[in-house]
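quick one: sequence plus predicted model below, questions after.
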Amino acid sequence: MFTTYKVLLLIHILCAVIWVGGGIMIQLLALRVVKARDSIHGAAFSRDVSVVSMRTFIPASLLLVLSGLGLVHEGNWSWSGWLVFALVVWIASFLSGALYLGPQSKKLGDAMAEHGFDSQEAQVRLRNILNHSRIELLFLILVVCDMVLKPGQ
């Protein structure tokens, strides 16, 4: 039997898979781009990441948090530490993606197309984006662990 709780849980898990799995895939593809040192491929990849971020990760993360809030309501959960941690990381990650990673990926693509993969501007932007996104991905993985283990509950 389908219940509101089960539907919300399904949406929540699917959105988490899209968001976290997509982030892992982008990191793996970024390693290939860095290794290839190809300006055309690198520029296209950066622009693609920007589009995917805006059209996939942002909607998935919004649905994720809305379904999560619905789960809290349907499950009559109290706002314990594990929920607060997840919400704080979600807010930071959402803002990071929307205000930094997405726009910087587009600028990186433009820099690679205009100045080449090995240009100082492209290399600094690439290094900053990869470092930032890896730290963010680590926190998202910690939230997945947090959601499964629910420490303190």
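Received the coordinates, thanks.

and the helices in the protein?
With DSSP state H as the criterion, the chain has helices at 4-16, 22-36, 39-52, 58-74, 81-96, 102-115, 120-149.

can you list the ones you listed in TSV and add mean neighbour count?
Just so you know, the C-beta spots here come from the backbone N, C-alpha and C atoms, and that holds for glycine as well. Shown next, in TSV, are the helices of the chain (neighbours: other CB atoms under 10 Å):
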stretch	mean neighbour count
helix 4-16	16
helix 22-36	15
helix 39-52	18
helix 58-74	17
helix 81-96	16
helix 102-115	19
helix 120-149	15
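
could you dump the ones you listed into JSON lines with mean pLDDT added?
Output for these, formatted as JSON lines (pLDDT from 0 to 100):
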{"stretch": "helix 4-16", "mean pLDDT": "97"}
{"stretch": "helix 22-36", "mean pLDDT": "89"}
{"stretch": "helix 39-52", "mean pLDDT": "80"}
{"stretch": "helix 58-74", "mean pLDDT": "95"}
{"stretch": "helix 81-96", "mean pLDDT": "93"}
{"stretch": "helix 102-115", "mean pLDDT": "82"}
{"stretch": "helix 120-149", "mean pLDDT": "91"}
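
what does stretch 52-68 contact?
With CB atoms under 8 Å, 6 or more residues apart in numbering as the test, stretch 52-68 has contacts from 8-9, 11-12, 15-16, 18-19, 22-23, 26, 86-87, 90, 93-94, 97-98, 101-102, 105.

do stretch 130-149 as well
Here stretch 130-149 has contacts from 16, 19-20, 23-24, 26-27, 30, 34, 82, 85-86, 89-90, 92-93, 96-97, 100-101, using CB under 8 Å, 6+ apart.

let's see 7 Å
16, 19-20, 23-24, 27, 30, 82, 85-86, 89, 93, 96, 100-101 (CB atoms under 7 Å, 6 or more residues apart in numbering).
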